[in-house]
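J.: give me a 3D structure for the following:
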Amino acid sequence: MLADLIGDLIGGMLGDSLARVGFRRAWARKAERRQVLSGVRLLSGSQRGISREWRVGYWSVAPSRMSLEGIEVTVLGIVAGSDRPARLSELLAGAEDTTVVILRTASAELEWSLMKRLEDVARRFLAVPEAEPSS
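T.: Modelled structure (predicted):
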């Protein structure tokens, strides 16, 4: 009985570790195609197709543009100093470190939640300048 419990614990931990490795590989493959697991929601203003609820998925990211399921967002900049750790309800992919930054468009400010491990590559894909914080 004790052996079964120990076996289940080790098997569970090993299976969980293997699953995480599999997910990381999948995220890396998607990122190679400029698709980044992330969430976007409205902070202020208005943006077609975006509300105050998180819109999570594999966003396609290109210079100054992001799109998901027919929603296209033209991004003017990332607000300087807006990086913050995600709250528990904003975490992506479970226990992964998630960061949130503010994106500026012509008509809105949006929050962009993404995994810390993909933040640098996602910012390079988006290729927008830093924007001054709103006063």
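
J.: please make it C-alpha for all contacts and neighbour counts, starting now.
T.: Noted.

J.: just the element for the residue nearest to residue 43 when sequence neighbours are not counted, please.
T.: Among residues not flanking residue 43 along the chain, residue 110 sits closest, at 5.0 Å (C-alpha to C-alpha, 6 or more residues apart in numbering). For residue 110, the host element (DSSP states H and E) is strand 108-115.

J.: that strand: how far from the chain's middle?
T.: Centroid displacement of strand 108-115 relative to its chain, using C-alpha atoms, centre = their mean, to the nearest Å, is 8 Å.

J.: picking up where we left off before, for the residue nearest to residue 43, list each beta-bridge partner.
T.: Beta bridges link residue 110 to residue 42, residue 103, judged by DSSP bridges.

J.: about what we covered before: what does the strand holding residue 110 rub up against?
T.: 36-47, 86, 90-92, 96-104 (C-alpha atoms under 8 Å, 6 or more residues apart in numbering).

J.: pLDDT averaged over stretch 116-129 - what is it?
T.: Stretch 116-129 comes out with an average pLDDT of 92.

J.: which parts of it are buried?
T.: Buried positions in stretch 116-129, judged by neighbour count with 16 or more other C-alpha atoms under 10 Å: 116, 118, 119, 122, 123, 125, 126, 127, 128.
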